[in-house]
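Peer 1: sequence and predicted structure, then a few things I'm wondering about:
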Amino acid sequence: MKILVTGGAGFIGSAVVRQFIAETEHTVINVDALTYAGNLESLSDVRDHPRHIFEHVDITNHDSLTSVFQKHQPGAVMHLAAESHVDRSIDGSAEFINTNIVGTYLLLECSREYWNRLPANDRQSVAKGEKSGGVTKESFRFHHISTDEVYGDLTVNDPPFTEETPYAPSSPYSASKASSDHLVRAWYRTYGLPIIVTNCSNNYGPYQFPEKLIPLMILNALDCKPLPVYGRGENIRDWLYVEDHARALRYVLAHGVVGRTYNIGGLNEKTNLEVVNSICDLLDELRPLSGLPEISQAPDKLSKSYKSLITFVTDRLGHDHRYAIDNSRIANELGWQPLESFETGLRKTVQWYLDNTTWVERVRLGTYRDWIATEYTKGG
Ligand code: NAD
Ligand code: DAU
């Protein structure tokens, strides 16, 4: 089957694409606008694979999207493209409204126009609809990838979010994602488009853009820069290793019930301070400060642990206190469980950032975006 993945050059999207290529026979049509968060170097293992087709398309461009559907005739859409960083949404929300809401609306409309022309499941229509490559109205799926932030936040004593928790988003980012979720469900109820929605907790792992908590802390520590913890570091997130999320998304696409929502979480609730302390402990073990050239020359500059870099800073506006996911539905109905504990996943992540200095440096210098300039100035 051909699967149209939006946002496949981003952090989670690239994990999904790599898994599809490595572990299935599916062809991936990777639709991505390559914003600052899109990085084809995260796909270097699969970029030239015959089952990976990259389309440099902005989901807010209806005509380009329509052409992608006509050209590739996908059997499913997995929609990950979004503006994803809460702090950026507080600083300026326009792109969040545009991509997350308008972009989702246009993708839904293009999907619906395409889906309306697909044959029904009966044998005659399938025979007539040879051009659809076996894709039918019943088999098509629109899988919308969303966040647990749509549910708002919890106090320490509240039970975790379930699929029935009412929506109460706090930030411009989460409000834009909540809005997109509502649109997707409306396209199911009103038009019958076969949709599935997943709402996931905080992801971490390789290839995450270093604006998010975990990679930011790892890279700042390695540069002996302050580790900026918002407020008192008491906010709680439920961490999930990105490969576990990608696998969950594949389970849901393959086995999820149309119209249904599945929450996905790692059962790893940690305060931010616990997370940062764990990163420091791992770095103290894997890259001790005493071994860094600048420190061995100026040993008084820092104490023995990276923890001495922790700096409490002004809190995020509207900062959600706690997120936690009740995983029972996806566990009981689809048999999915996270494979990685926070300890094993964090160790792999820290080691990945230590080992992949070229990826990190090119992101920091902005040179990972050179490809766009080279590719798109040809003949123009
Ligand atoms: P990301 O910011 O790393 O990647 C987003 C990708 O979307 C990038 O490749 C970017 O180029 C692309 N994109 C942005 N605007 C686009 C547009 N207008 N047209 C086409 N492509 C566009 O995001 P991520 O962390 O990988 O998150 C992916 C999805 O998962 C998002 O929808 C996000 O809301 C959701 N999500 C993320 C997390 C998390 O912890 N990161 C958790 C739950 C859900
Ligand atoms: O819950 C899922 C969401 O998780 C996704 O939908 C979002 O796309 C993703 O960005 C993430 O949102 P968060 O705001 O929780 O992630 P972030 O990494 O930005 O922050 C995690 C926590 O760490 C949060 O409580 C804020 C805090 N923080 C973050 C940064 C960047 C700090 O204390 N210092 C920092 O420098």
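Peer 2: Sure thing, it's come through. Numbering: from 1, shown residues only. Ligands and ions are numbered 1, 2, ... in the order given.
Peer 1: need the helices for the stretch 151-300 of the chain, in chain order.
Peer 2: Counting by DSSP state H, counting those that start in this stretch, the stretch 151-300 of the chain has these helices, from start to end: 172-191, 213-222, 242-255, 272-286, 293-297.
Peer 1: can you redo the ones you listed as TSV with distance to ligand 2, mean pLDDT and mean neighbour count?
Peer 2: Yep, even glycine has a C-beta here, placed from its N, CA and C like the rest. Written out in TSV, the entries for the helices of the stretch 151-300 of the chain read as follows (distance: least, Cβ to the nearest ligand atom, whole Å; pLDDT from 0 to 100; neighbours: other Cβ atoms under 10 Å):
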stretch	distance to ligand 2	mean pLDDT	mean neighbour count
helix 172-191	7	98	20
helix 213-222	3	98	22
helix 242-255	10	98	21
helix 272-286	4	98	18
helix 293-297	23	60	10
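Peer 1: of all the ones you listed, which lies closest to ligand 1?
Peer 2: Among those, the nearest to ligand 1 by Cβ to the nearest ligand atom is helix 172-191 (5.4 Å).
Peer 1: now for that closest one, which elements pack on it?
Peer 2: Taking 3 or more Cβ pairs under 8 Å, 6 or more residues apart in numbering; DSSP states H and E as contact, the helices and strands that helix 172-191 lies on are helix 86-91, helix 104-116, strand 141-147, strand 195-200.
Peer 1: between these, which one is closest to Met78.
Peer 2: Between Met78 and the helices and strands packed on helix 172-191, the tightest spacing by Cβ to Cβ is seen for strand 141-147, at 4.7 Å.
Peer 1: neighbours of Glu149, how many?
Peer 2: A total of 24 residues lie near Glu149 under the criterion other Cβ atoms under 10 Å.
Peer 1: how long is stretch 155-175 end to end?
Peer 2: For stretch 155-175, the first-to-last residue distance is 20 Å (Cα to Cα, to the nearest Å).
Peer 1: and that stretch, how far out from the chain middle?
Peer 2: 18 Å (Cα atoms, centre = their mean, to the nearest Å).
Peer 1: who in the protein is up against ligand 2?
Peer 2: Within the chain, the positions adjacent to ligand 2 are 84-86, 147-149, 201-202, 212-213, 216, 228-230, 235, 237, 272, 316, 323 by Cβ under 6 Å from any ligand atom.
Peer 1: you'd agree Glu343 is in a helix?
Peer 2: Yes: remark: Glu343 belongs to a helix, assigned using DSSP: H, G, I helix; E, B strand; the rest coil.
Peer 1: give me the neighbour count for it.
Peer 2: For Glu343, the number of neighbouring residues by other Cβ under 10 Å comes to 11.
Peer 1: list the contacts for it?
Peer 2: For Glu343, the contact set (Cβ atoms under 8 Å, 6 or more residues apart in numbering) comprises Ser278.
Peer 1: just the pLDDT at the residue of the chain found nearest ligand 2, thanks.
Peer 2: Ligand 2 sits closest to Thr147 of the chain, with a gap of 3.1 Å, by Cβ to the nearest ligand atom. In this model, Thr147 is scored at 98, pLDDT.
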